[in-house]
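Novice: here are the coordinates; sequence isn't available:
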Ligand SMILES: Cc1cc2nc3c(=O)[nH]c(=O)nc-3n(C[C@H](O)[C@H](O)[C@H](O)COP(=O)(O)O)c2cc1C
Ligand code: SF4
């Protein structure tokens, strides 16, 4: 037993001696690898958990080198000395966020996801107290650089003159400037610079000026960097969202690149899109474009002025404030469709759902909903009764027509209306948005020269005495035959609608495709369409309200429903006076308009007589809305009777707009009732033939196929063999002022202008200077649906 144990031990020893070297070597290698692995793990953990951003202040110079071999100029060739070093002294003693010693190269290193541009970062949680504009430019032959200096000067004077504060930590700070050929893109365009700890409320606004080149330049490197940053999975897709905002201005040459489709300012457009994505939709001011051979200086000046206003708005509101969705997401494209609800009220799905839920709310119902009995209300005053003083309702202390707590208020505001006072409203129309984006105005531009981005759509009375089946206001407006509500002063309404309109225009500034020059123009209202919802002449002080519009040279288009003859008779001069003609006979009118007045047909007839009397003083218009199955078939002759009776200056014929509300559905209206443009055209030809057969001097003057609308005009406006359906607005105000001062009356023929060729019947009516966008395959043989039409 003892011998066998000894033998076993000896055997083991022999084995050890034989294998010890490989075993020891194996163990040594294993522990060495384990040690190395642990060390590596510790290092990577430290890097991943770091919350220190690539602060421009901390960046070490060795991190960067010269910006690519493609950088066009050497550092020394830039005339902006301080920018060569990227070191910009500020008057308030602060320095540029990034002191670097020389040109840099973007090395492709990216901070880890945790490092840059997180939303909800502490930067955003600090209230904004000051704005630091940073002008970035790229320039190969010096033009853009020259303009960048002009902008810098502009911003400097704005900071000095308008900031209104002695505190260097508050207000608009003096701008910095950086040449993109030398700036460290990682510091400014991978994540946004963080404010210094001494001024946590400071935010940066990037003002980017670039030319466009269809050859490979430093601009491609820059755009490539933005592309990479956006697509780098380690970096937040909106890594520049800590900026207070950005705006881009592009320089190009229209001689070589005449249109945007042919590449005019193409790189500025691309930059604008990348910045929208990287900042999370913080376009502070629309993209501006300038042609270096013509309007660059003027366009930049206007853009700079608009941008400065927005900078002060941001300071006042502590941020960009109410803006609109529409930029930044991958769906963004110049082709996208943004309708009213999408842009101004929230998401499409919400608006779709709302449409389904619309209900008719009568004023009577509202009183009950509010728990107030009608019996307690003041005695209703029927101001439509002949001889009623317009001031009477104001003397009665009455309820509000649309109280803030009412369901009507909620429904209308949800649909995008701004309610002014207690009975007026304003809403930005679909065409205004389209025109802001250079995509064409409504038919009133083709027929009468109204550019939609200069037009305000408003009403001083949300209440109406009809419940038309096609009313695309979703049936939420109040109805009533009498005015029995509190009356707001015209001053209050005028100020309120203007403010509401401008506020909504401002909300459009971040929408992709909005043109800076059109945006600037839109901040001065030139036209008012009193046709939004309700009945404008229901408002007892309509004449004073019109005076206010005209005193500011805002033209007035007023649409009434032919139910208030006394008010129509006492209505003073408007630029163009409409009467809605929704049917040619009593029966159809009852079915379509569903009037509340029992004597609706008599009222209607009386209004036609009044219109006839006014036709040599005012531009009078019949507006026909065609509804298949209701008021087209065999009615041409009936409409001819009405034209013969009132002899309006113009007859506008339009296919009904389908809006799919419960109001219209309840009345049996479906898409089948919406006529095709061809059907509208056939009807117009039939009506025109009937008028000619009767010897009435009318002709088909113009069309706007895009909104299924055709214009018949009296031959009074066929001058020297040419149609003159447009309006000379300046002349109108001249004549109006003369009439006011010395009583000289004037006629509609005195303020006409020739119709543009492209608007004439047979030419389609689309301004060739605008960009035509077809929606979802719709073409000339189109129908009107609310999404693509939208004009009142
Ligand atoms: C080679 C070359 C290509 C150009 N390509 C475009 C272009 O695609 N689109 C455009 O609008 N302008 C184009 N331009 C015009 C320039 O954008 C314009 O001259 C601009 O003012 C140059 O600005 P800069 O002097 O700051 O470099 C081009 C000019 C050159 C010389
Ligand atoms: S649709 Fe009406 S409100 Fe809109 S721009 Fe045209 S005229 Fe003005």
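Specialist: Okay, I see it. Model, not experiment: these values are computed from the prediction. Ligands and ions are numbered 1, 2, ... in the order given.
Novice: buried stuff in stretch 185-197?
Specialist: 185-195 (16 or more other Cβ atoms under 10 Å). No exception for glycine: its C-beta is placed from N, CA and C like everyone else's.
Novice: quick one: which of those residues sit in helices?
Specialist: Residues of the buried residues of stretch 185-197 located in helices (DSSP state H): 185-189.
Novice: just those residues that are near ligand 2?
Specialist: The subset of those lying close to ligand 2, counting by Cβ under 6 Å from any ligand atom, is empty.
Novice: now these as a markdown table including distance to ligand 1?
Specialist: Converted to a markdown table, these look like this (distance: Cβ to the nearest ligand atom, whole Å):
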| residue | distance to ligand 1 |
| --- | --- |
| 185 | 19 |
| 186 | 24 |
| 187 | 23 |
| 188 | 19 |
| 189 | 19 |
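Novice: need those in a markdown table (columns: pLDDT and distance to residue 26).
Specialist: Putting these into a markdown table (pLDDT from 0 to 100; distance: Cβ to Cβ, whole Å) gives the following:
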| residue | pLDDT | distance to residue 26 |
| --- | --- | --- |
| 185 | 89 | 50 |
| 186 | 88 | 46 |
| 187 | 89 | 50 |
| 188 | 94 | 53 |
| 189 | 94 | 52 |
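Novice: ok, so of those residues, who is nearest ligand 2?
Specialist: Of all those, ligand 2 sits closest to residue 189, with 38.7 Å by Cβ to the nearest ligand atom.
Novice: residue contacts, the closest one?
Specialist: Contacts for residue 189 (Cβ atoms under 8 Å, 6 or more residues apart in numbering) come out as 222, 225-226, 229, 240, 278.
Novice: a markdown table for those residues, including neighbour count?
Specialist: Converted to a markdown table, those look like this (neighbours: other Cβ atoms under 10 Å):
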| residue | neighbour count |
| --- | --- |
| 222 | 25 |
| 225 | 21 |
| 226 | 20 |
| 229 | 24 |
| 240 | 27 |
| 278 | 27 |
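Novice: which members of those residues define the maximum pairwise distance?
Specialist: 222 and 240 (13.7 Å; Cβ to Cβ).
Novice: which secondary structure element is home to residue 622?
Specialist: strand 620-626 (DSSP states H and E).
Novice: and what of residue 557?
Specialist: Counting by DSSP H and E, the element that carries residue 557 is strand 555-560.
Novice: how about the very next helix or strand once past that strand: buried residues?
Specialist: Next helix or strand after strand 555-560 toward the C-terminus (DSSP H and E): helix 565-570. By neighbour count on 16+ other Cβ under 10 Å, the buried set for helix 565-570 is 565-568.
Novice: and stretch 596-616, by the same measure?
Specialist: 596-597, 600-601, 603-608, 610-611, 614-615.
Novice: now those in CSV, with pLDDT, secondary structure and distance to residue 529?
Specialist: Shown next, in CSV, are the buried residues of stretch 596-616 (pLDDT from 0 to 100; DSSP: H, G, I helix; E, B strand; the rest coil; distance: Cβ to Cβ, whole Å):
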residue, pLDDT, secondary structure, distance to residue 529
596, 80, coil, 24
597, 81, coil, 25
600, 90, helix, 24
601, 91, helix, 27
603, 92, helix, 23
604, 93, helix, 22
605, 94, helix, 26
606, 95, helix, 25
607, 95, helix, 20
608, 96, helix, 22
610, 97, helix, 21
611, 97, helix, 19
614, 96, helix, 19
615, 96, coil, 21
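Novice: got the phi and psi for the residue of the chain found nearest ligand 1?
Specialist: For the chain and ligand 1, the shortest gap (Cβ to the nearest ligand atom) falls at residue 252, measuring 2.3 Å. Dihedral pair for residue 252: phi -150, psi -180, per degrees, to the nearest 10.
Novice: isn't it up against residue 289?
Specialist: Yes: applying Cβ atoms under 8 Å as the test, residue 252 and residue 289 come out as touching, 6.9 Å apart.
Novice: re earlier: beta partners of the residue of the chain closest to ligand 1?
Specialist: With DSSP bridges as the criterion, residue 252 is bridged to residue 291.
Novice: number of nearby residues for it?
Specialist: 25 (other Cβ atoms under 10 Å).
Novice: check contacts around it.
Specialist: Residue 252 neighbours (Cβ under 8 Å, 6+ apart): 211-212, 263-266, 268, 289-292.
Novice: ok, the closest residue to residue 421 other than its chain neighbours to residue 497 distance?
Specialist: Closest residue to residue 421 apart from its sequence neighbours, by Cβ to Cβ, 6 or more residues apart in numbering: residue 488 at 3.6 Å. Distance, residue 488 to residue 497, by Cβ to Cβ, to the nearest Å: 11 Å.
Novice: brilliant, that's me finished.
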